[in-house]
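K.L.:
coords please:
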Amino acid sequence: MDDAARLLLRFNVMTRVRTVRKGRHRVGYRLLVHGADNQQRFLEEIGARGTRATGVERCLAELRGGQGGTHPDTAPVQMWEHVRHTLTERDTAHGGSAATVETRSRGSAVRERVPGRAGLGRVAELLDDADMDMLATNDVFWDEIAEIEPLGVQEVFDATVLESHNFVANGISVHNSIEQDADMVILLYREDVHEKESPRAGEADLIVAKHRNGPTATVTVAFQGHYSRFVDMAPG
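P.N.:
So this is what the prediction gives:
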């Protein structure tokens, strides 16, 4: 079931795997596609076969004409710590401000709830916080790490994938080559991450530090934080 969920990610369809019990000793799994946008992409890109295919167009018509609903995508719960820090810096009373930003302040209970995109966007607007607004509006999907289990020292193998040199292992994108074996090494540097008052806000340097078959150089590009992507600088 996890493999099916990862495969759907290739189509930008985000899902949740739910465990269900069938009787006393049987366990089953359901792959849930939440949210109108995800469901529409699933029907358009994947579709259905057999008798179930007859309802695809009807479902698509309803989805295209309706409002977006529940979506599994949320922001990290730690964002409330950022909100608290911002309010403290502005010397604002927590109870009144939390009510203003529609968080229904109940002490620490507010910060235990995972903020949705829409709610976080309202908080960002009221606090005029650009970093928080970027998290609320970009297309990065957040998910929680449920558990990290140490396995100790084990023997591993270095796989080689021709051309791309990238592959997915248990849902994690990995690279099969380390620096000394790589033909090219590109470093990414954003000055405004380390210096908030930097005049180079929105810029990034792609530093070609190693290139066996060509020259090295530094290329400056524009960083579009809301979309988590880099584009060419505007002419001039």
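K.L.:
helix/strand/coil for the spatially closest residue to A182 that is not a sequence neighbour?
P.N.:
The shortest distance from A182 to any non-neighbouring residue, by Cβ to Cβ, 6 or more residues apart in numbering, is to K210 (6.9 Å). Quick note: C-beta positions are derived from backbone N, CA and C, even for glycine. Here K210 is strand, with the state taken from DSSP: H, G, I helix; E, B strand; the rest coil.
K.L.:
how many other residues sit next to K210?
P.N.:
Residues lying near K210 (other Cβ atoms under 10 Å) number 14.
K.L.:
what's across from it in the sheet?
P.N.:
V185 (DSSP bridges).
K.L.:
excluding its backbone neighbours, what's nearest A201?
P.N.:
Using Cβ to Cβ, 6+ apart, the nearest residue to A201 is D192, at 4.4 Å.
K.L.:
so what's the backbone phi/psi at the one you found?
P.N.:
Backbone geometry at D192, expressed as degrees, to the nearest 10, gives phi -70, psi -10.
K.L.:
Help me confirm that it comes into contact with D131.
P.N.:
No - D192 is not in contact with D131 according to Cβ atoms under 8 Å; the separation is 10.9 Å.
K.L.:
what about the two, which has more around it?
P.N.:
D192 (16 against 13).
K.L.:
check contacts around the more buried one.
P.N.:
198, 200-203 (Cβ atoms under 8 Å, 6 or more residues apart in numbering).
K.L.:
And the pLDDT for it?
P.N.:
For D192, the pLDDT comes out at 89.
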